[in-house]
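Q: attaching a predicted model along with its sequence, questions to come.
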Amino acid sequence: MIYNQAMCQFRRITSGASWIPQIDGLRFVAIMSVLLTHLATEVRVRGPHIVTIATSGPLTFFNFSSGGRGVWLFFAISGFILARPFLRQHRLGGHPVQLQKYFLRRITRLEPPYNLSLLLYVLAAFLMFPIRP
């Protein structure tokens, strides 16, 4: 049996050569900041007896009280990414943006992760905090 390393790698399929990996890294930081803030809030509100979460110390990189900063960072990154095709068209003389393809790509990229995260959140809520009669 031959081990094929290429089949065991996670890759992000991009639409062009203008992908900036550092932007994906910043997006991860923003998403984790918001996710951990929401998680810490849910645990504090619904089950403070389950887990004690420290909001200072060696994990200050993921400071739970700064989830709002993650939202701002995510919005700034999203604005940058969404504006790039129009900047390329107007400032750099690139080909015109076809709005139908542009919006279809946005929908097909955003809807599946949204539905998956919504499903995972609902499942986690039912598993962690069952409805008591």
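A: It's in. Residues are numbered from 1 along each chain as shown.
Q: number of residues surrounding the closest residue to Leu73 other than its chain neighbours?
A: What sits nearest to Leu73 in space, not counting adjacent residues and going by Cβ to Cβ, 6 or more residues apart in numbering, is Ala30, at 4.1 Å. The way it works is simple: take the backbone N, C-alpha and C, and place the C-beta from them, glycine included. Ala30 has 21 neighbouring residues, counting by other Cβ atoms under 10 Å.
Q: now do the one 4 residues further on
A: Neighbour count of Val34, defined by other Cβ under 10 Å: 18.
Q: and Gly79, how far from Arg44?
A: Using Cβ to Cβ, to the nearest Å, Gly79 is found at 31 Å from Arg44.
Q: more neighbours: which of these two?
A: Arg44 (15 against 10).
Q: can you tell me how far that one sits from His38?
A: 11 Å.
Q: residues contacting the residue nearest to the spatial centre of the chain?
A: Taking Cα atoms, centre = their mean, the centroid of the chain lies closest to Ile31, which sits 4.3 Å from it. Listed by Cβ atoms under 8 Å, 6 or more residues apart in numbering, the contact set of Ile31 reads 70, 74.
Q: going forward can the numbers begin at 56, since that is how I track them
A: Understood, numbering begins at 56; the last thing we discussed is Ile86.
Q: and the helices in this protein?
A: Taking DSSP state H, the helices of the chain run over residues 76-101, 122-145, 154-183.
Q: could those helices go into JSON lines alongside mean pLDDT?
A: Output for the helices of the chain, formatted as JSON lines (pLDDT from 0 to 100):
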{"stretch": "helix 76-101", "mean pLDDT": "84"}
{"stretch": "helix 122-145", "mean pLDDT": "88"}
{"stretch": "helix 154-183", "mean pLDDT": "91"}
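Q: residues near Pro140, how many?
A: Pro140 has 20 nearby residues by other Cβ under 10 Å.
Q: excluding chain neighbours, give the residue nearest to it in space.
A: Pro140 sits nearest to Val152 (Cβ to Cβ, 6+ apart), 4.7 Å away.
Q: brilliant, that's me finished.
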